[in-house]
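K.L.:
got a sequence here, can you model it:
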Amino acid sequence: MTNENQLIIALGYCIFMLIIYFIYFKYPPKKINYLYGYRTRRSMQNYETWYFANKYAAKLLINFSIYSLFIPPLLYFLYPEYNSIITIIVHTTLTLSVIYFTEIQLKRKFKEKKNQ
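P.N.:
Below is the predicted model:
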């Protein structure tokens with residue numbers, strides 16, 4: 001597979017994920033469930049945390065997907081033979097960081113509410 005094909009596949013993957021995340025943002029889960037949505041112990045405590053966590057995570061996923069659209073083409077020129085693996089690592093790291101940032105926001109927002 002040529003390097004140009006790898007870049008096209010990598011960008012196609014990023015665009016596909018951006019579309020999925022946009023659908024998730026537009027149609028978040030209405031009820032707390034174990035199949036669909038941002039599901040952690042903290043986010044599933046009540047409807048308010050569930051709603052906040054899903055909206056916040058969806059926004060982060062969209063933003064991080066946009067970043068992942070630009071990082072692989074830039075790195076393509078530096079390391080063309082590793083473009084596919086770079087795309088996978090960048091996108092996976094950004095996607096997993098959503099958990100970290102969403103949990104921090106949940107802790108911050110709902111800890112403040114308990115103190116009020």
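K.L.:
residue 28 reaches residue 43, doesn't it?
P.N.:
No - Residue 28 is beyond contact range of residue 43, at 11.6 Å (criterion: CB atoms under 8 Å). (Each C-beta comes from the backbone N, C-alpha and C, glycine too.)
K.L.:
settle it for me: which of these two has more neighbours?
P.N.:
residue 43 (22 against 17; other CB atoms under 10 Å).
K.L.:
the more buried one and residue 23, how far apart?
P.N.:
19 Å (CB to CB, to the nearest Å).
K.L.:
how about residue 99: what's its closest non-neighbour residue?
P.N.:
residue 40 (7.3 Å; CB to CB, 6 or more residues apart in numbering).
K.L.:
and the one you found, how many neighbours does it have?
P.N.:
14.
K.L.:
who touches both of residue 28 and residue 43?
P.N.:
Shared contacts of residue 28 and residue 43 (CB atoms under 8 Å, 6 or more residues apart in numbering): 37, 54.
K.L.:
using the three-state scheme, assign the residue nearest to residue 99.
P.N.:
Here residue 40 is coil, with the state taken from DSSP: H, G, I helix; E, B strand; the rest coil.
K.L.:
so, low pLDDT: which residues of this protein?
P.N.:
Counting by pLDDT under 70, the chain contains low-confidence ranges at 1-3, 112-116.
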